[in-house]
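>>> Kindly generate the corresponding structure for this input.
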Amino acid sequence: MAQNDTLIKGWQPVIGLEVHVQLMTNTKLFSPAKNKFGEDANTLVDLIDMGLPGVLPVLNEGAMRQGIKFGLATSAKIAKTMIFDRKNYFYPDLPKGYQITQLHFPIVKDGVVDVNGKEVRIHQAHLEEDAGKSMHDKYDDRSVIDLNRSGVPLLEIVSEPDLRSASEAVDYLKKIHQIITYLDISDGNMSQGSMRCDANISIMRPDADEFGTRAEIKNINSFKFVEKAINFEIKRQIKILENGNKVEQETRLYDAVKDETRSMRTKEFANDYRYFPCPDLVPTNISDELIEDVRKNMDELPEEKESRFRSQYNLDEYEAKVLCAEKITAKFYEEVCEVTDPILSAKWIIGEINALLNKHDVSLAESKINSKNFAGLIMKIKDGTISGKIAKEVLEEMWQTGSDSQEIIKSKGLEQISDESELESIAQSILDNNPSQVEAFKSGKDKLFGFFVGQVMKETQGKANPGAVNAILKRLLSN
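Just a heads-up that it's a prediction; the model follows:
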């Protein structure tokens, strides 16, 4: 029975995701060809990838170790013996006419991940080889095949149907992305196909005992499109059922331009693929010693890092979660903390840095901000060289040029004015030129204090030390 936690017009969505993750190995899953993105078409292809008769696959141990890593990170059962199967189907980009995958004996089973306090079960994660890539828009009169991707190792992560809304599905997908990037088993780049998602969606009445008929949406390649595709499909199925018709079990594609799903083919069943054990690969045993070796060499997981950040850097739960959301941000923060204030650094990363990343829609790795020049900026704020307002101006320049904060401050003459005699002279001049406001302040209109501070900051183009300005004005106005 479905959990009654997200109802749409009296219907309960039921969602499961199949996430395909390209593993970061040096070579492909069963051949010695390089595993690399972005090379010229058909330049990274071995005889095994081409499916030539007589060639024999050899399992890449690195891919197996990465599968074990994921199993350990999700508290899953690691197989003692895994067996590879042949999944038979005929596409132009599948030279052998079958895909080597795992059906009955996957490397990982029965895992779980925490998604905002809710446990989402992982049915299994299995190793398989990727297919090649068919391209239909490169030429006007023909389609072409690039086999560089053929044989690239994939870890397919299959959830149980525990998700109940499009937003919950996206949160789960982001959690999987976080885990695989923390483990360094994949870069998770959805735009390049390193992480792809199939969504299985059905709807049911909340008091029903069985799930509805599901449709599968194939190869969705962004978090935004996952949410849009699922929401469209939920509405489509509700409309069908409320019109007295039946939902067909089928495979569909999401059209991002039209924001709709459309039928691709009738959904196949397992027996349509004629699975049988791959005769070219013997069963592979996974020893306890291998599992322990993988475990002891694993990096810190997100939850562990969050806990350490709270205790080591005195951060609150929200700050630690934001800073640890992506491994690259957590690494950046720790490098900054090696040389300057952790609390101030956290505030600026969560606020100003994230605002710039969102504004320009880029990742931290793609920006010109690095831990060295950012740490220099934080130190200039900390020692009073520049004010917070000026620091934002410096950060904008760093974003554009990647220059060192000291160079920017010096070239633009942005050093903070902290000389008390200079500030007192400016403040006294402001008071002398605004006698009526001074009289009103002394008569009890305390809010005018902000006016005087603002006038000093305006006169100094924001360079005056705010603390010193406040102290000087209080003294002068008390006379």
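>>> where do the strands sit along the stretch 51-200 of the chain?
Remark: strands assigned in the stretch 51-200 of the chain by DSSP state E, counting those that start in this stretch are 77-78, 81-82, 85-88, 98-101, 108-115, 118-129, 133-135, 144-146, 153-159, 195-204.
>>> got the ones you listed as a markdown table, with mean neighbour count columns?
Yep, even glycine has a C-beta here, placed from its N, CA and C like the rest. Below are the strands of the stretch 51-200 of the chain laid out as a markdown table (neighbours: other CB atoms under 10 Å):
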| stretch | mean neighbour count |
| --- | --- |
| strand 77-78 | 16 |
| strand 81-82 | 16 |
| strand 85-88 | 19 |
| strand 98-101 | 20 |
| strand 108-115 | 18 |
| strand 118-129 | 21 |
| strand 133-135 | 14 |
| strand 144-146 | 17 |
| strand 153-159 | 24 |
| strand 195-204 | 23 |
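>>> Adding mean pLDDT and distance to residue 412, write the ones you listed out as JSON lines.
Putting those into JSON lines (pLDDT from 0 to 100; distance: least, CB to CB, whole Å) gives the following:
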{"stretch": "strand 77-78", "mean pLDDT": "97", "distance to residue 412": "57"}
{"stretch": "strand 81-82", "mean pLDDT": "94", "distance to residue 412": "61"}
{"stretch": "strand 85-88", "mean pLDDT": "95", "distance to residue 412": "62"}
{"stretch": "strand 98-101", "mean pLDDT": "96", "distance to residue 412": "59"}
{"stretch": "strand 108-115", "mean pLDDT": "96", "distance to residue 412": "46"}
{"stretch": "strand 118-129", "mean pLDDT": "97", "distance to residue 412": "50"}
{"stretch": "strand 133-135", "mean pLDDT": "90", "distance to residue 412": "49"}
{"stretch": "strand 144-146", "mean pLDDT": "94", "distance to residue 412": "49"}
{"stretch": "strand 153-159", "mean pLDDT": "98", "distance to residue 412": "50"}
{"stretch": "strand 195-204", "mean pLDDT": "96", "distance to residue 412": "42"}
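>>> so which of the ones you listed comes closest to residue 414?
strand 195-204 (42.3 Å; CB to CB).
>>> Distance to residue 57 added to the strands of the stretch 51-200 of the chain, as CSV?
Output for the strands of the stretch 51-200 of the chain, formatted as CSV (distance: least, CB to CB, whole Å):
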stretch, distance to residue 57
strand 77-78, 22
strand 81-82, 14
strand 85-88, 11
strand 98-101, 6
strand 108-115, 21
strand 118-129, 8
strand 133-135, 20
strand 144-146, 20
strand 153-159, 12
strand 195-204, 23
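>>> So residue 390 sits against residue 414, correct?
Yes - using CB atoms under 8 Å, residue 390 makes contact with residue 414 at a distance of 5.1 Å.
>>> For this structure, give me the ranges with low pLDDT.
Applying pLDDT under 70 to the chain flags the ranges 1-6, 267-270, 416.
>>> so what are the domain limits for it?
12-293, 300-412, 420-478 (automatic domain parsing).
>>> joint contacts of residue 390 and residue 414?
When contacts are counted by CB atoms under 8 Å, 6 or more residues apart in numbering, residue 390 and residue 414 are jointly contacted by residue 463.
>>> Wait, a strand at residue 17?
Yes - the assignment for residue 17, made by DSSP: H, G, I helix; E, B strand; the rest coil, places it in a strand.
>>> Next up, the contacts around the closest residue in space to it that isn't next to it in sequence.
Excluding its sequence neighbours, the residue lying closest to residue 17 (CB to CB, 6 or more residues apart in numbering) is residue 159, at 5.0 Å. Residues in contact with residue 159 (CB under 8 Å, 6+ apart) are 16, 17, 18, 19, 120, 121, 122, 123, 172.
>>> Of the residues you listed, which is the nearest to residue 459?
The closest of the contacts of residue 159 to residue 459 turns out to be residue 172 (CB to CB; 54.6 Å).
>>> give me the number of residues near the closest one?
Residue 172 is flanked by 25 other residues according to other CB atoms under 10 Å.
>>> cool, residue 403 as well?
So residue 403, with other CB under 10 Å, has 15 neighbours.
>>> That one and residue 395 touch, don't they?
No - in this structure, residue 403 is not within contact of residue 395 by CB under 8 Å, at 11.1 Å.
>>> re the thing from before, quick one: which of the strands of the stretch 51-200 of the chain is nearest residue 338?
With CB to CB, the closest approach to residue 338 among the strands of the stretch 51-200 of the chain belongs to strand 108-115: 30.2 Å.
>>> by contact count, what packs against that closest one?
Counting contacts by 3 or more CB pairs under 8 Å, 6 or more residues apart in numbering; DSSP states H and E, strand 108-115 is packed against helix 61-73, strand 77-78, strand 118-129, helix 166-182.
>>> quick one, that strand and helix 166-182 angle?
In terms of direction (axes from the mean of the first three to the mean of the last three CA atoms, to 10 degrees), strand 108-115 departs from helix 166-182 by 110 degrees.
>>> Show residues contacting strand 108-115.
67-68, 70-71, 74-79, 119-126, 168, 171-172, 175-176, 179, 303.
>>> pretty sure residue 375 is touching residue 336, no?
Yes - in this structure residue 375 lies within contact range of residue 336 using CB under 8 Å: 4.5 Å.
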